[in-house]
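Participant: fold the following and give me the result.
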Amino acid sequence: MEEEQALVEGAAKAEMDKAPGVAVRENLNETAFFYPRLMADTSGVVTLRFTLPESLTTWKFMALAHTKDMMAGLLTDEVVAAKEVMAQLSLPRFVRMGDRVTLSATLFNLTEKTLEGKATMEVFDPATGEGLWKETVKVEM
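Facilitator: Prediction:
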């Protein structure tokens, strides 16, 4: 299994090397930040700065504050991290020898303007890098 993973990662890196300007997300931490000891300024305001991980998800923000005389407050909110333009692949969870599969992708445009372009989906053999199937379509979204 480790050998297969290494082959997949190697083939993926080779493909990315052919696609200059494509940024690969690397910071996929499951916790955006944890600051257990923040102090408010004289106005009672706490300011914090952090780098949001690159996971495209909904983050839950939770803050608990208290005073020396045990007054407390709780704040919860959500922050959605998304790309303005992105593709979400729909792949089968398992594939066995002889199976026929349908591959599909949903394209998202979160900008306020209509975008046109091309979308390409490609399947290749991770062991050899040989292309097995490729389809490019024009899209307007």
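Participant: and the helix or strand encompassing Val123, what does it pack onto?
Facilitator: Under the criterion of DSSP states H and E, Val123 resides in strand 116-124. When contacts are defined as 3 or more Cβ pairs under 8 Å, 6 or more residues apart in numbering; DSSP states H and E, strand 116-124 packs onto strand 104-109, strand 131-140. Quick note: C-beta positions are derived from backbone N, CA and C, even for glycine.
Participant: who does it pair up with?
Facilitator: The pairing partners recorded for strand 116-124 under DSSP bridges are strand 131-140 (antiparallel).
Participant: and the contacts of the partner strand?
Facilitator: For strand 131-140, the external contacting residues (Cβ atoms under 8 Å, 6 or more residues apart in numbering) are 107, 114-125.
Participant: about what we covered before: need the winner for burial among the helices and strands packed on strand 116-124.
Facilitator: strand 104-109 (a mean of 12; mean count of other Cβ atoms under 10 Å).
Participant: picking that back up, and the contacts of strand 131-140 as CSV, adding pLDDT?
Facilitator: Listed next are the contacts of strand 131-140 as CSV, based on pLDDT from 0 to 100:
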residue, pLDDT
Leu107, 93
Thr114, 96
Leu115, 95
Glu116, 95
Gly117, 92
Lys118, 93
Ala119, 92
Thr120, 92
Met121, 90
Glu122, 90
Val123, 88
Phe124, 87
Asp125, 89
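Participant: in PyMOL, how would I select just the buried ones from the residues you listed?
Facilitator: Filtering those down to the buried ones (16 or more other Cβ atoms under 10 Å) takes a single PyMOL command:
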select buried, resi 124
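Participant: nearest to Asn27, out of the helices and strands packed on strand 116-124?
Facilitator: strand 104-109 (21.0 Å; Cβ to Cβ).
Participant: re the thing from before, can you pick out the most distant pair from the contacts of strand 131-140?
Facilitator: Spatial extent of the contacts of strand 131-140 (Cβ to Cβ) is set by the pair Thr114 and Asp125 at 36.7 Å.
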